[in-house]
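Peer 1: with the sequence up front, the predicted model follows.
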Amino acid sequence: MSWSGFNKFLTGNDDSWSLSFKTLFSEVFKRHKKGEAENINDKSNHPRPWKWLRVMMFLIGLGAISLLNVFLVGEIAFPWTALVVAAIVPITIAVFLNESLMSEKFRFFDIFVLFLVGTTVSFLATGLLGINLGDAGLNAVIVAPIIEEIAKLIVIIATLKIMKIKRVSSAIFIGWIIGSGFQIAETLGYSTYYGFLGIFSQIEILPGGTQFIFSGTLDLTTMFVRLFFSFGMHAFWGAIHGAALIYASKAAPKKFNIGRQAIWFAFCVAMHMIWNTFGTYVANQTLAIILLIIIQLMYLPLFFFFLDSGQRDYNEYTSSLVVKEPETELCIGSQTTDTSDQ
């Protein structure tokens, strides 16, 4: 299948590759004055994000200080550290995607509310849809991926409908935000639950009953493993769900290409199952890490494929506006002529 055919089959748009990596990263290492226009994309009708790198460095620094607080203040500071560390990659990419938006824009307040509500409702849907196969391994490898992806998809569908999203790049951004909330909350839960080996239930009351100490063992493994692999997790799968919904709507007029949606949904579930399989059944951790690294590297070109599809969608949208403009001018001209004749 040709590149054009592949694009048409999966995204509904067979235009040639539109994303320029040179332009995309052209502003990253430049100095930007305070008060500079928020959107500099208009210079070339191409996304040129740059704030994301500053945000990433800020979050890394904040995470390092938060980790230091664990040793200075004590284990009670660990949940905050886990929260900051879990947010580094999802928030960085969210800023990158938000800067890359070319048409539909979102207020910070709307994004914040979407993050909170999307996370809460996604977890609620996961709980309500829960199925128990009677085996912990099967639940982790089969049930959890299907249920969690359905739960996120439901929330993403509702959000795109309520916000009347039409552009691919906006759908990718919203899907990433909802997936990020799910991912950060899950990482925070796993890090504190496994990271202290049940420390919250291992509290010793000192004589007198007025003070206590933690008797658990600090373990940062879960937190750092999920940080290292956080690019290709819930946030990325959420972005795929968002993009796929717009792709599917690009079928024949007033029709929804359920096949195109099903392909991308099946891909997300399959990748989720693979991730959970490595964590559940692969005893050799070194082998599991190597396989996960390969998957993460595979996600990078796929991420830019989605970013390019957003750019192609924007080009198609602006082209349709240009085509309509002369028709409007002719209409105005004819009205002027009629008035002069009278």
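Peer 2: That came in fine, so what should we check first? Numbering: from 1, shown residues only.
Peer 1: which elements pack onto the strand or helix carrying residue 241?
Peer 2: For residue 241, the host element (DSSP states H and E) is helix 234-249. Packing partners of helix 234-249 (3 or more CB pairs under 8 Å, 6 or more residues apart in numbering; DSSP states H and E): helix 3-11, helix 78-99, helix 144-163, helix 168-195, helix 258-281, helix 285-341. (Glycine included, C-beta is placed from N, CA and C.)
Peer 1: low pLDDT regions in the stretch 201-342 of the chain?
Peer 2: Applying pLDDT under 70 to the stretch 201-342 of the chain flags residues 201-217, 251-255, 322-342.
Peer 1: if we go to 50?
Peer 2: The model of the stretch 201-342 of the chain has pLDDT under 50 over residues 325-342.
Peer 1: mean neighbour count and distance to residue 232 for the helices and strands packed on helix 234-249 - can I get that in TSV?
Peer 2: Output for those, formatted as TSV (neighbours: other CB atoms under 10 Å; distance: least, CB to CB, whole Å):
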stretch	mean neighbour count	distance to residue 232
helix 3-11	15	18
helix 78-99	22	10
helix 144-163	20	14
helix 168-195	24	10
helix 258-281	17	7
helix 285-341	13	4
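Peer 1: now the helix holding residue 241 against helix 3-11, angle please.
Peer 2: Interaxial angle of helix 234-249 relative to helix 3-11 (axes from the mean of the first three to the mean of the last three CA atoms, to 10 degrees): 100 degrees.
Peer 1: using CSV, write out every CA atom in helix 234-249.
Peer 2: Coordinates of each C-alpha in helix 234-249 appear next as CSV, following Å, rounded to 0.1, in the frame of the first residue of the first chain:
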residue,chain,number,x,y,z
HIS,A,234,-2.6,6.2,29.0
ALA,A,235,-2.0,9.7,27.8
PHE,A,236,-0.8,8.5,24.3
TRP,A,237,-3.6,6.0,24.0
GLY,A,238,-6.1,8.7,24.9
ALA,A,239,-4.7,11.0,22.2
ILE,A,240,-5.1,8.1,19.7
HIS,A,241,-8.8,7.7,20.7
GLY,A,242,-9.4,11.4,20.2
ALA,A,243,-7.7,11.5,16.8
ALA,A,244,-9.5,8.3,15.7
LEU,A,245,-12.9,9.9,16.4
ILE,A,246,-12.2,12.7,14.0
TYR,A,247,-10.7,10.3,11.5
ALA,A,248,-13.8,8.2,11.6
SER,A,249,-16.1,11.2,11.1
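Peer 1: next, the angle helix 168-195 makes with it.
Peer 2: Going by the same axes, to 10 degrees, helix 234-249 makes 150 degrees with helix 168-195.
Peer 1: can you give me the angle helix 234-249 makes with helix 144-163?
Peer 2: Relative orientation of helix 234-249 versus helix 144-163 (the same axes, to 10 degrees): 60 degrees.
Peer 1: contacts only, for residue 291.
Peer 2: 278, 282 (CB atoms under 8 Å, 6 or more residues apart in numbering).
Peer 1: switch the cut-off to 10 Å
Peer 2: When the contact criterion is CB atoms under 10 Å, 6 or more residues apart in numbering, the partners of residue 291 are 274-275, 277-278, 282, 284.
Peer 1: with residue 309 instead?
Peer 2: By CB under 10 Å, 6+ apart, the neighbours of residue 309 are 7, 10-13, 15, 17-19, 168-169, 172, 243, 246-247.
Peer 1: closest to residue 99 among the residues you listed?
Peer 2: Taking CB to CB as the measure, residue 99 lies nearest residue 169 of the contacts of residue 309, at 10.7 Å.
Peer 1: quick check: closest non-adjacent residue to the closest one.
Peer 2: Spatial nearest neighbour of residue 169, excluding adjacent residues (CB to CB, 6 or more residues apart in numbering): residue 310 at 3.2 Å.
Peer 1: so that neighbour sits against residue 303, correct?
Peer 2: No. Residue 310 is beyond contact range of residue 303, at 11.1 Å (criterion: CB atoms under 10 Å).
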